[in-house]
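Q: sharing a model prediction with you, sequence too.
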2 protein chains.
Amino acid sequence: MAESSAPTAAPVAGSSNGFEANEALADPGYRESVIDLLGVISYGEITAFERLAEDSKLAPTLQDKLALGTMASVELTKVAALHERITQLGGDPFEAMAPFCAALDNFHRHTAPSDWLEGLVKAFVGDGLANDFYREIAAFLDPQTRELVVASLDEDGDHAAFVVTRVRELIAADPPLGGRLALWGRRLMGEALTQAQRVAADRDSLTALLTGGVDRPGLDLAALGRMFTRLTERHLERMGELGLDA
Amino acid sequence: MAESSAPTAAPVAGSSNGFEANEALADPGYRESVIDLLGVISYGEITAFERLAEDSKLAPTLQDKLALGTMASVELTKVAALHERITQLGGDPFEAMAPFCAALDNFHRHTAPSDWLEGLVKAFVGDGLANDFYREIAAFLDPQTRELVVASLDEDGDHAAFVVTRVRELIAADPPLGGRLALWGRRLMGEALTQAQRVAADRDSLTALLTGGVDRPGLDLAALGRMFTRLTERHLERMGELGLDA
């Protein structure tokens, strides 16, 4: 991966990101934003589980089925800790998820894979995109929430490697597949951006995490633009890893 | 649960169950038997994952869906350690599972729940029965394999409690359901025994684990009968926990 060609990296999440945990959490607006964030991540994991479990049925071999099923299970086992944190912050996990169900359900409805290979690419691209976004947003969180969000990212290395190997094998055996899957990757990214915009427009409290508050640091419009550029660049790198022109 | 009314308990799994690990594993017959056992457990977990993930779609609420999905995920996350042990013993995990696919697939095909409630009862009864069987057979294993098999049992307490609560609530709201579900429970047990018999008839190496060998302790026919009685008794206790006459 051409890491060096990526635009300016995201701010490194450290304990000195401009506010103290207790102060931040005493602010009801910040607390509400964090509950929103944990809600959307939780529902994202649940729908990812459902889709991966469903897509694993298309697997041509038991090995493939087990690999995709394991990716599905890993997503779901992250939910308990996220829900616990929502409860700690005074929220209800299921109420916190409710505002995001439509957008995430729509994303999956509009990107139902037509075969096993599309399912694999979706698993890899979708998981990667979600992880990148969480890593970006983690920099704007109080240390305890940040740790939770970052901890829910780092377990999937093996499964991602499995996907890369399988997709490359299958394209090598049938090169025209590459063109179809490159289009598929663009559609996934387009639909993700469409739904993300809808969520951002509807949920001021969530966007406030990124844009900051009176006493919390945040991004101006230019910095937000750079963040989206980074997310897009990394998506292109991932497509490249799969051997696809994006 | 009327634990005291159960027939003689299974032999307690201790380190003094009559053979040393190294001796046992040096015996190719024993090793083959253990690979068979780990194969059938692994494929059982994979099919349980598939069925629970599928049945979780029938859930009336997101809470219910998450609970059943989590049960599914827990099953699947046990597979990696079982496969690792098969490899350690010189076997191939996928070859080890192959002889049991037909029986387990048939079990699930013949017991596809027609609604959410049947899915819940199946999850509870199926999981309980499998766990009881593994606990029985663990007594006949070398210490290291036994520990692995026993470790794969003990995580589901919360989820089982969730099922009991939900089934009791739903029957309280609609008492005639109880009769239908009692029949369903009998059908699950009947189908499990049918498939288990088929496996036992086909796989001598697996039954040899229970009946012993020249230098390994085992059960005689009367003791085998008592084991089946214990499994049946515990099934009836579980139906009772759900508030169902079995």
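A: Yep, that arrived.
Q: in the lengthiest helix in chain A, what counts as buried?
A: If you go by DSSP state H, chain A has its longest helix at helix A:28-55. By neighbour count with 16 or more other CB atoms under 10 Å in any protein chain shown, helix A:28-55 contains the buried residues A:30-55. From N, CA and C alone the C-beta is placed, and that goes for glycine too.
Q: how much space between the residue nearest the centre of chain A and chain B?
A: By CA atoms, centre = their mean, chain A has its centre lying nearest to A:Ala130, at 1.0 Å. Using CB to the nearest CB, to the nearest Å, A:Ala130 is found at 18 Å from chain B.
Q: look up the pLDDT of A:Asp132 for me, please.
A: A:Asp132 is assigned 89 on the pLDDT scale.
Q: how about it, what does it touch?
A: A:Arg230, A:Leu231, A:Arg234, A:His235 (CB atoms under 8 Å, 6 or more residues apart in numbering or on different chains).
Q: returning to what we had before: avg pLDDT for the longest helix of chain A?
A: 92.
Q: got the angle for the helix or strand following that helix vs helix A:28-55?
A: Per DSSP states H and E, the first helix or strand lying C-terminal to helix A:28-55 is helix A:62-77. Angle of helix A:62-77 versus helix A:28-55, following axes from the mean of the first three to the mean of the last three CA atoms, to 10 degrees, is 160 degrees.
Q: which other residues reach helix A:62-77?
A: Taking CB under 8 Å, 6+ apart as the rule, helix A:62-77 contacts A:45-46, A:48-53, A:55-57, A:59, A:116, A:119-120, A:123, A:127, A:155-156, A:159, A:162-163, A:166, B:46, B:49-50, B:53, B:66, B:69-70, B:72-74, B:76-77, B:79-80, B:94, B:97, B:101.
Q: ok, now with 7 Å
A: A:45-46, A:48-49, A:52-53, A:55-56, A:59, A:123, A:155-156, A:159, A:162, A:166, B:46, B:49, B:69-70, B:73, B:76-77, B:79, B:94 (CB atoms under 7 Å, 6 or more residues apart in numbering or on different chains).
Q: can you name the next helix or strand after it?
A: Helix A:62-77 is succeeded, C-terminally, by helix A:79-88 (DSSP H and E).
Q: check which residues of that next one are buried.
A: So, applying 16+ other CB under 10 Å, buried residues of helix A:79-88: A:Val79, A:Leu82, A:His83, A:Arg85, A:Ile86.
Q: spatially nearest residue to A:Ala80 (excluding sequence neighbours)?
A: B:Thr70 (7.5 Å; CB to CB, 6 or more residues apart in numbering or on different chains).
Q: the one you found: neighbour count?
A: For B:Thr70, the neighbour count with other CB atoms under 10 Å in any protein chain shown is 23.
Q: tell me the pLDDT of it.
A: So B:Thr70 comes in at 89 (pLDDT).
Q: hang on, the earlier thing: closest one of the buried residues of helix A:79-88 to B:Gly90?
A: Ranked by distance to B:Gly90 (CB to CB), the buried residues of helix A:79-88 are led by A:Val79 at 37.9 Å.
Q: check contacts around the closest one.
A: Contact analysis of A:Val79 by CB under 7 Å, 6+ apart lists A:Ser42, A:Glu45, A:Ile46, B:Leu66.
Q: try 6 Å this time
A: Contact analysis of A:Val79 by CB atoms under 6 Å, 6 or more residues apart in numbering or on different chains lists A:Ser42, A:Glu45.
Q: report pLDDT for it.
A: 93.
Q: next: A:Thr229.
A: 89.
Q: any idea which element it lies in?
A: helix A:221-241.
Q: point out the residues in chain A that sit beside chain B.
A: Residues of chain A lying near chain B by CB under 6 Å from any CB of the partner chain: A:Phe49, A:Ala53, A:Leu62, A:Gly69, A:Thr70, A:Ser73, A:Leu76, A:Thr77, A:Phe94.
Q: next, count neighbours for the last one.
A: Burial measure for A:Phe94: 16 neighbouring residues, criterion other CB under 10 Å.
Q: can you verify it is assigned to a strand?
A: No - counting by DSSP: H, G, I helix; E, B strand; the rest coil, A:Phe94 is not part of a strand but helix.
Q: ok, it - contacts?
A: Here A:Phe94 is in contact with B:Leu62 (CB under 6 Å, 6+ apart).
Q: what about A:Leu170, neighbour count?
A: 17.
Q: once you drop chain neighbours, what's closest to it?
A: A:Leu170 sits nearest to A:Leu117 (CB to CB, 6+ apart), 5.8 Å away.
Q: what's around that neighbour, how many residues?
A: A:Leu117 has 20 nearby residues by other CB under 10 Å.
Q: confirm that it sits in a helix.
A: Yes - counting by three-state DSSP, A:Leu117 is located in a helix.
Q: how much space separates it from chain B?
A: According to CB to the nearest CB, A:Leu117 and chain B sit 20 Å apart.
Q: returning to what we had before: show me how far the helix holding A:Thr229 is from its chain's centre.
A: 13 Å (CA atoms, centre = their mean, to the nearest Å).
Q: again, but for stretch A:196-210
A: The answer for stretch A:196-210 is 15 Å, by CA atoms, centre = their mean.
Q: residues of it that come out buried?
A: For stretch A:196-210, by 16+ other CB under 10 Å, it's A:Ala196, A:Val199, A:Arg203, A:Ser205, A:Leu206, A:Thr207, A:Ala208, A:Leu209, A:Leu210.
Q: cheers, nothing more for now.
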